[in-house]
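Asker: quick one: sequence plus predicted model below, questions after.
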Amino acid sequence: MTLEEVRGQDTVPESTARMQGAGKALHELLLSAQRQGCLTAGVYESAKVLNVDPDNVTFCVLAADEEDEGDIALQIHFTLIQAFCCENDIDIVRVGDVQRLAAIVGAGDEAGAPGDLHCILISNPNEDAWKDPALEKLSLFCEESRSVNDWVPSITLPE
């Protein structure tokens, strides 16, 4: 048995539980941030916030469905946002289900179609550091992911 096989056996249940915990924490964080009015949705709107006040941004969520993977412009935006977040020590995760994200955040137009949820930023509501248990869990999740060279971990949202 190789070292990789031993590691793989030990970490599969742990990583599944870790992923589920992170998904639940992200769900809680999105709801809490929305209640406090510190959630920015949309690639363009997020870029404006990052440009004006990056020190106030605490977390970034990039979301893309399978059909979005072929959108070159969106992928370029993601690359730039990821680089900016890494440069400014902003934790960042990816989500693969824009529809589920829309159900949580409730963003949409009059026809019921989801708005631009490809990028969501969570900011501090005031000058003091925002102490949210879900944010702390996600920060730890991102830190652990970076320690194994997973710079933008993927999270699955709970049903």
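Answerer: Perfect, thanks for sending it.
Asker: helix or strand for residue 94, which one?
Answerer: If you go by DSSP states H and E, residue 94 is part of strand 91-95.
Asker: which strands or helices does that strand pack on?
Answerer: If you count contacts as 3 or more C-beta pairs under 8 Å, 6 or more residues apart in numbering; DSSP states H and E, strand 91-95 packs onto helix 3-36, strand 57-63, helix 72-87, helix 133-147, strand 154-155. Where you see a C-beta, it was placed from the backbone N, CA and C, and this is true even at glycine.
Asker: remind me which residues of the protein are low pLDDT?
Answerer: 1-14, 107-114, 126-130 (pLDDT under 70).
Asker: just want the most central residue of it.
Answerer: Per C-alpha atoms, centre = their mean, the C-alpha nearest to the average position across the chain is that of residue 61, at 2.5 Å.
Asker: quick check: bridge partners of it?
Answerer: When bridges are called by DSSP bridges, residue 61 pairs up with residue 93, residue 120.
Asker: wait, what's in contact with it?
Answerer: Contact partners of residue 61, counting by C-beta atoms under 8 Å, 6 or more residues apart in numbering, are 26, 30, 92-95, 101, 119-122.
Asker: now, of the residues you listed, which are buried?
Answerer: Buried by 16 or more other C-beta atoms under 10 Å: 26, 30, 92-93, 95, 101, 119-122, out of the contacts of residue 61.
Asker: go through the residues you listed and name the one nearest residue 152.
Answerer: If you rank the buried ones among the contacts of residue 61 by distance to residue 152 using C-beta to C-beta, residue 92 comes first, at 5.4 Å.
Asker: which residues touch that closest one?
Answerer: 59-62, 81-82, 85-86, 142, 152.
Asker: check residue 40 too.
Answerer: Counted by C-beta under 8 Å, 6+ apart, residue 40 has contacts 46, 49, 120-123.
Asker: just the closest of the contacts of residue 92 to residue 74, please.
Answerer: residue 62 (9.4 Å).
Asker: wait, a strand at residue 46?
Answerer: No: counting by DSSP: H, G, I helix; E, B strand; the rest coil, residue 46 falls outside a strand, being helix.
Asker: my read is that it contacts residue 120, right?
Answerer: Yes: using C-beta atoms under 8 Å, residue 46 makes contact with residue 120 at a distance of 7.2 Å.
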